[in-house]
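Chemist: Give me a 3D structure for the following:
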Amino acid sequence: NLRSSYAVQFHDIPGLLFVSSNIVALKHLMTASLDSK
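Modeler: Below you'll find the predicted structure:
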């Protein structure tokens, strides 16, 4: 039904934010390590 699918999408938002923030942090770490060399 529609409501359960919306609940699943709503609960996936924190996970998506966590993954995207980790990707941004990894990019910063990679650029920082490249700059230090």
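
Chemist: and the gap between F10 and T31?
Modeler: Separation of F10 from T31 (CB to CB, to the nearest Å): 33 Å. C-beta coordinates here come from the backbone N, C-alpha and C atoms, glycine included.

Chemist: From the contact counts, what lies against the helix or strand containing L26?
Modeler: Using DSSP states H and E, L26 sits in helix 2-36. Applying 3 or more CB pairs under 8 Å, 6 or more residues apart in numbering; DSSP states H and E, we find helix 2-36 packed against no helix or strand.

Chemist: quick one: average pLDDT of it?
Modeler: Here helix 2-36 scores 84 as its mean pLDDT.

Chemist: Going forward, count from 248.
Modeler: Happy to do that; since the first residue is 248 now, the last one works out to helix 249-283.

Chemist: chain center to that helix: distance?
Modeler: 0 Å (CA atoms, centre = their mean, to the nearest Å).

Chemist: cool, and stretch 274-284?
Modeler: 20 Å.

Chemist: Look up how far I270 lies from S280.
Modeler: In terms of CB to CB, S280 sits 16 Å off from I270.

Chemist: before we move on, what about F257?
Modeler: 21 Å.

Chemist: Kindly report the same for M277.
Modeler: Counting by CB to CB, the gap from M277 to I270 is 11 Å.

Chemist: and what of S252?
Modeler: From S252 to I270 the distance is 26 Å (CB to CB).

Chemist: Then S283?
Modeler: Applying CB to CB to S283 and I270 gives a distance of 21 Å.

Chemist: between those two, who's got more neighbours?
Modeler: I270 (10 against 6; other CB atoms under 10 Å).
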